[in-house]
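J.: I would like the atomic coordinates for the input below:
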Amino acid sequence: MLWNGAFFRNFLPLSALIFLTTFFSGCKTESADSNEERLELDNDYYEFKGISLADHGINAMVMLPDETANIGASTKPEVIHTEGDFKWDIHVGPNFHLHIEDYGDYTDRVETKKKELKEYGHFKIRYLIDEKDLILYEQTLIVRGSKNASPTVGYEHKSYHVFGQKVIDGITYELRSRDEGYEKVIIQLMAKTIKSFKPIKEK
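T.: Numbers count the residues shown, from 1 in each chain. Here you go, the predicted structure:
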């Protein structure tokens, strides 16, 4: 007897075929999802130190990597802000640049960013952290070469980025890495910094 499609059609009821098809399709999807990389941030800030942004117009504390974090961090973070402006830039040495921007009562900054990323035709986006107020993603350039292309055209360009939002005193602040991104280890530290961004409690 041949075990072919005719056998299953003749001996298995339609409901059983639907069940088997759904079962195996579901297994395939679940297996693919289980192989996706996901990052979890711990709450240990032993390589960080807190600074107040109150003197720079934001009623918040933030934890920044210190010199023991091994990223070339300077001992004193630099906050760049022009009074009356809605943008801040925090530099911790040459390898850590966090941009902060005041978006008032707009509370959908992460959702809007994800929509923008979905429209990026030249990049493949893979989320390593995907939360309501924080995303950390891998961005890979999709290279479409040709016979006349340079030998380096096929090189895979990959970078890591983080984007978050926090509400302080009713104001939504967007916090993100620079446009060109960083190595994954830097972005993970930056994500922890964004997580730590909290209002200063009055005594």
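J.: when you work out contacts or count neighbours from here on, use the C-alpha atoms and nothing else.
T.: Fine.
J.: so what's the most centrally placed residue in the chain bridging to?
T.: For the chain, Leu136 is the residue whose C-alpha lies nearest the centre (CA atoms, centre = their mean; 1.2 Å). With DSSP bridges as the criterion, the beta-bridge partners of Leu136 are Ile129, Val162.
J.: residues contacting it?
T.: Contact partners of Leu136, counting by CA atoms under 8 Å, 6 or more residues apart in numbering, are 127-130, 160-163, 187, 191.
J.: spit out the contact partners of Glu111.
T.: Applying CA under 8 Å, 6+ apart to Glu111 gives the contacts Lys132.
J.: distance of it relative to Glu138?
T.: Separation of Glu111 from Glu138 (CA to CA, to the nearest Å) stands at 17 Å.
J.: same question, Glu183
T.: With the distance defined as CA to CA, Glu183 ends up 10 Å from Glu138.
J.: got it, and Pro199?
T.: Relative to Glu138, Pro199 is positioned 29 Å away (CA to CA).
J.: for Val110, give me its contacts.
T.: Taking CA under 8 Å, 6+ apart, we find Val110 in contact with 132-135, 163-165.
J.: give me the neighbour count for Ile125.
T.: Burial measure for Ile125: 17 neighbouring residues, criterion other CA atoms under 10 Å.
J.: need the three-state assignment for the residue nearest to it when sequence neighbours are not counted.
T.: Leaving aside its sequence neighbours, Ile125 sits nearest to Gln139 (CA to CA, 6 or more residues apart in numbering; 4.9 Å). In three-state terms, and counting by DSSP: H, G, I helix; E, B strand; the rest coil, Gln139 is strand.
J.: am I right that Gln139 is in contact with Arg126?
T.: Yes - Gln139 lies in contact with Arg126 (CA atoms under 8 Å); the separation is 6.6 Å.
J.: so between Glu183 and Glu138, which is more surrounded?
T.: Looking at Glu183 and Glu138 with other CA under 10 Å, you find the greater number of neighbours at Glu138, namely 19 against 13.
J.: give me every residue that touches the closest residue to the more buried one other than its chain neighbours.
T.: Ranked by CA to CA, 6+ apart and with sequence neighbours excluded, the top spatial neighbour of Glu138 is Tyr160, at 4.7 Å. Counting by CA under 8 Å, 6+ apart, Tyr160 touches 136-139, 181-184, 187.
J.: could you do Arg178 as well?
T.: Applying CA under 8 Å, 6+ apart as the definition, the contact partners of Arg178 turn out to be 97-99, 161.
J.: which of those has the most neighbours?
T.: Among the contacts of Arg178, the one with the most neighbours (other CA under 10 Å) is His161, at 25 neighbours.
J.: how about it: what's its closest non-neighbour residue?
T.: Gly181 (5.0 Å).
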